[in-house]
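Trainee: here is my input, please return the structure:
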Amino acid sequence: MNITNIKIRKIFDQEILKAIVSITIDDEFAVHDIRIIRGEAGRLFAAMPSRRDDIGIHRDIVHPIDSEARKSMETQILSAYHEYLGSEIRAC
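Mentor: Numbering: from 1, shown residues only. Sure thing, here's the model as predicted:
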């Protein structure tokens with residue numbers, strides 16, 4: 001799996017929700033509505049798109065199959081997020 005594009009679609013100035021991201025995989029498959037969340041102890045992580053099922057549990061619509069793929073995807077997304085924030089600061 002090769003992430004060929006990461007687009008920071010919206011930045012939020014909230015305590016928990018920080019951004020909404022879209023990614024393109026292998027220039028052929030897009031995943032929208034990935035959320036960058038500030039979790040416990042201030043750690044940022046990427047939350048996959050999800051929906052609430054009939055009993056109220058949120059379930060991922062798409063997600064990496066193993067922890068290595070999740071870590072790789074999250075690292076690339078968070079790196080793009082930090083780079084985007086840095087470019088916003090320099091533009092001011």
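Trainee: I8 touches L78, doesn't it?
Mentor: No - with contact defined as CB atoms under 8 Å, I8 and L78 do not form a contacting pair (10.9 Å). C-betas here are computed from N, CA, C, even on glycine.
Trainee: where does the chain have low pLDDT?
Mentor: Within the chain, the ranges that satisfy pLDDT under 70 run 88-92.
Trainee: could you pull out the strands for it?
Mentor: Assigned by DSSP state E, the strands in the chain fall at 3-11, 17-25, 29-38, 44-47, 50-52, 58-60.
Trainee: between those strands, which one is closest to S67.
Mentor: Ranking these by proximity to S67 (CB to CB) places strand 44-47 first, at 12.8 Å.
Trainee: and the closest one, what other elements does it pack with?
Mentor: In terms of contacts (3 or more CB pairs under 8 Å, 6 or more residues apart in numbering; DSSP states H and E), strand 44-47 is packed against strand 29-38, helix 67-91.
Trainee: neighbouring strands - and their directions - for that strand?
Mentor: strand 29-38 (antiparallel) (DSSP bridges).
Trainee: can you get me a residue count around A80?
Mentor: 19 (other CB atoms under 10 Å).
Trainee: the one 5 residues further on too?
Mentor: Taking other CB under 10 Å as the criterion, the count of residues near L85 is 14.
Trainee: likewise D53?
Mentor: Applying other CB under 10 Å, I find that D53 has 9 neighbouring residues.
Trainee: OK, contacts around it?
Mentor: R59 (CB atoms under 8 Å, 6 or more residues apart in numbering).
Trainee: returning to what we had before: okay, the helices and strands packed on strand 44-47 in JSON lines with distance to N2 next?
Mentor: Conversion of the helices and strands packed on strand 44-47 to JSON lines gives the following (distance: least, CB to CB, whole Å):
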{"stretch": "strand 29-38", "distance to N2": "11"}
{"stretch": "helix 67-91", "distance to N2": "10"}
